[in-house]
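Q: have a look; sequence and predicted model below, questions after that.
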Amino acid sequence: MSETEPRLLMLIDDEPAQSRLITALAAREGWRTIVVNDAETAIAMLGTRQGMQLGAIILDQWVPGEDACSLIAELRNRRPALPILMLTTSASPLLAVEAMRAGATDYLIKPVAPDRMMQALRTATTREAPRDELQPLTEKMHGPATFEAMIGASPAFRTALAIAAKAARNHGPVLIEGESGTGKEMLVHAIHAASMRSKLPLRIVNAGTTPGNSIESILFGHEKGAFPGAFDRQVGALQQCDGATLVIDEIDRLPLPVQERLAEALTRSDCRPIGARHSFRVDVRLIAASNFPLKELVAQGDFLPDLQALIGGTTLYLPSLRERTGDIPALARHFLARIGEQPGLRSLGITEGALSLLSAYDWPGNVRQLQAVLFRAAVFCDGDALTADDFPQLSSMITAEPVHVNGVAHESAGVMLFTADGNLRPLEDIEADVIRLAIGHYRGRMTEVARRLGIGRSTLYRKLSDLGIDNVA
């Protein structure tokens, strides 16, 4: 297949609406999708001319049902190098384990955000050296929502917990800042559980995964006929959370016009739905989470100063995992204990060599990434304890040597500037390759990567997220 032709994706799905959505999303990424409705057709497709050109498979577990893992194994047996992503509504850890052991490249629990699905597809089909071990695993192992359940002894982490515990006892807004994966969601639930509103609902709205043209309606609601497509009246999250707690995750991604409306609503303690002539009085406890410091965004003109002042009275910062590497051994043992409780898995120890390896990595995905890496390693471990050998991709990233050309270290030799037909590759693709090479060259030390690339660390992590490599770098 020519480099300029669309890549071919096989979608095994019998739900027309979902098939249309995935086909449209894949098309944006340069994929042409073939939809098949059953397992027999999917297996037969592998032997056709089109089947030999496939670049990936997405399988909805609902189609083969209980035989999903058998189908994955059969597909993997016939095409060992073909990435297979499984969609499922089941949150069963046992199914996740069985799917991964059968050969699934990734495991996605529905409903899946469009950006998460496409990130998984991009990651699974990258042409760089495989780093499957660092792919995010969407299965979550729910633990108690308490401050005591949050593991860590570093001063910065304990300070954040102390501020959160004190803030939980009042009704004021709380702003939690910290990189993606540092544990902000778990801290939100701990604050809510310790608050005087713990018996009332907790509603979470993610501004990062909600389309910009929908977030205003989700927060404030709308009247019937307020805009094209508003066929029914909708009650907004602010009104639904009257007397309760509303969480706005990734509030740094909130559009400026919506920021203005939210600041006005918080100042006046009321909410006016889109198209409504009157407002509703509301008593809402707001908890906001941001991946980036809001004061920096205010200085850049990307966040409203009035809103930052309203929600930032109690601000706490959750440090990244690289800022508290001393907590990695305790976190690893804690996660392994929880992983061992999952169906299909068993209790495992971890050697000092493995802990040293984990401590040497920079963890751009933070605590969430560490948990996913340990889960994946535990699934395939045959011994009684994880060793450094159970993290081959991680080990290769930390110890990788630069490519040598004519006896001279030449890292940039791995970056292709042109496609097979002589045209330049998209700048976004080249930039992603350069960042990956920099991470490998500097052995995962993200501060050094940012310095050498001449950008700020927060800018680097924003690029990792935008380019879809935030959990594979």
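A: All right, it came through fine.
Q: quick check: closest non-adjacent residue to residue 288.
A: residue 251 (4.3 Å; Cβ to Cβ, 6 or more residues apart in numbering). C-beta here means a position set from N, CA and C on the backbone, and glycine is covered the same way.
Q: pretty sure that neighbour is in contact with residue 206, am I right?
A: No: the pair residue 251 and residue 206 fails to qualify as a contact (Cβ atoms under 8 Å) at a distance of 9.6 Å.
Q: what stretches of the stretch 351-473 of the chain score poorly on pLDDT?
A: Applying pLDDT under 70 to the stretch 351-473 of the chain picks out residues 396-423, 440-441, 443-444, 468-473.
Q: re earlier: for the residue nearest to residue 288, list the residues it contacts.
A: 207, 288, 289, 290, 294, 311 (Cβ atoms under 8 Å, 6 or more residues apart in numbering).
Q: the residues you listed in helices, which ones?
A: Those of the contacts of residue 251 mapping onto helices are 294, 311, per DSSP state H.
Q: quick one: which of the contacts of residue 251 has the most company?
A: residue 288 (28 neighbours; other Cβ atoms under 10 Å).
Q: from residue 300, how far out is that residue?
A: Note on residue 288: its distance to residue 300, by Cβ to Cβ, to the nearest Å, is 18 Å.
Q: cool, and residue 111?
A: Residue 111 is 33 Å from residue 300, by Cβ to Cβ.
Q: by mean pLDDT, point me to the weakest helix or strand of the protein.
A: Ranked by mean pLDDT, DSSP states H and E, the weakest helix or strand in the chain is strand 404-405, scoring a mean of 38.
Q: tell me which element residue 231 falls in.
A: Using DSSP states H and E, residue 231 sits within no helix or strand.
Q: separation between it and residue 145?
A: Taking Cβ to Cβ, one finds residue 231 at 37 Å from residue 145.
Q: between the two, which one's more packed in?
A: The residue with more neighbours, out of residue 231 and residue 145, is residue 145; 19 against 8, by other Cβ under 10 Å.
Q: isn't there a strand covering the more buried one?
A: No: assessed with DSSP: H, G, I helix; E, B strand; the rest coil, residue 145 is coil; it does not lie in a strand.
Q: test my guess that it contacts residue 195.
A: No: if you go by Cβ under 8 Å, residue 145 and residue 195 don't touch, sitting 11.2 Å apart.
Q: can you give me the buried ones in stretch 250-265?
A: For stretch 250-265, the neighbour count (16 or more other Cβ atoms under 10 Å) marks 250, 251, 252, 253, 254, 258, 259, 261, 262, 263, 264, 265 as buried.
Q: how much space between residue 433 and residue 426?
A: Noted for residue 433: a distance of 11 Å to residue 426, by Cβ to Cβ.
Q: next: residue 248.
A: As judged by Cβ to Cβ, residue 248 and residue 426 stand 33 Å apart.
Q: those two: which has the busier surroundings?
A: Legend: neighbour count by other Cβ under 10 Å for residue 248 and residue 426, higher for residue 248 (24 against 11).
Q: what's the first helix or strand after whichever strand or helix holds that one?
A: For residue 248, the host element (DSSP H and E) is strand 245-249. With elements assigned by DSSP H and E, the helix or strand that comes after strand 245-249 is helix 256-268.
Q: other SSEs contacting that next one?
A: helix 212-220, helix 305-311 (3 or more Cβ pairs under 8 Å, 6 or more residues apart in numbering; DSSP states H and E).
Q: distance between the helix or strand hosting residue 162 and the chain's centre?
A: Here residue 162, judged by DSSP H and E, is contained in helix 155-168. With Cα atoms, centre = their mean, to the nearest Å as the basis, helix 155-168 stands 25 Å off its chain's centre.
Q: now do stretch 446-461
A: Taking mean C-alpha positions (Cα atoms, centre = their mean), stretch 446-461 and its chain are 20 Å apart.
Q: mind listing what's buried in that stretch?
A: 446, 449, 450, 453, 460, 461.
Q: report the two of these separated the most.
A: Distance extremes for these: the farthest pair is 453 and 461 at 12.0 Å, using Cβ to Cβ.
Q: assumed residue 45 was part of a helix.
A: Yes: assessed with three-state DSSP, residue 45 lies in a helix.
Q: in a strand, residue 107, correct?
A: Yes: counting by three-state DSSP, residue 107 is found in a strand.
Q: so it sits against residue 90, correct?
A: No: in this structure, residue 107 is not within contact of residue 90 by Cβ under 8 Å, at 9.8 Å.
Q: more neighbours: which of the two?
A: residue 107 (23 against 16).
Q: re earlier: now the strand holding residue 248, how far from the centre of its chain.
A: With Cα atoms, centre = their mean, you get 18 Å for strand 245-249.
Q: next, the angle helix 256-268 makes with it.
A: With axes from the mean of the first three to the mean of the last three Cα atoms, to 10 degrees applied, the angle from strand 245-249 to helix 256-268 works out at 160 degrees.
Q: quick one: residues in contact with strand 245-249.
A: Strand 245-249 has contacts (Cβ under 8 Å, 6+ apart) with 184-185, 188, 192, 195, 197, 200-208, 219, 237-238, 254, 284-289.
Q: give me the buried entries from those residues.
A: Buried subset of the contacts of strand 245-249 (neighbour count, 16+ other Cβ under 10 Å): 184-185, 188, 192, 195, 197, 202, 204-208, 219, 237-238, 254, 284-289.
Q: sort out which of those are in strands and list them.
A: Secondary structure from DSSP state E places 202, 204, 205, 206, 285, 286, 287, 288, 289 of the buried ones among the contacts of strand 245-249 in strands.
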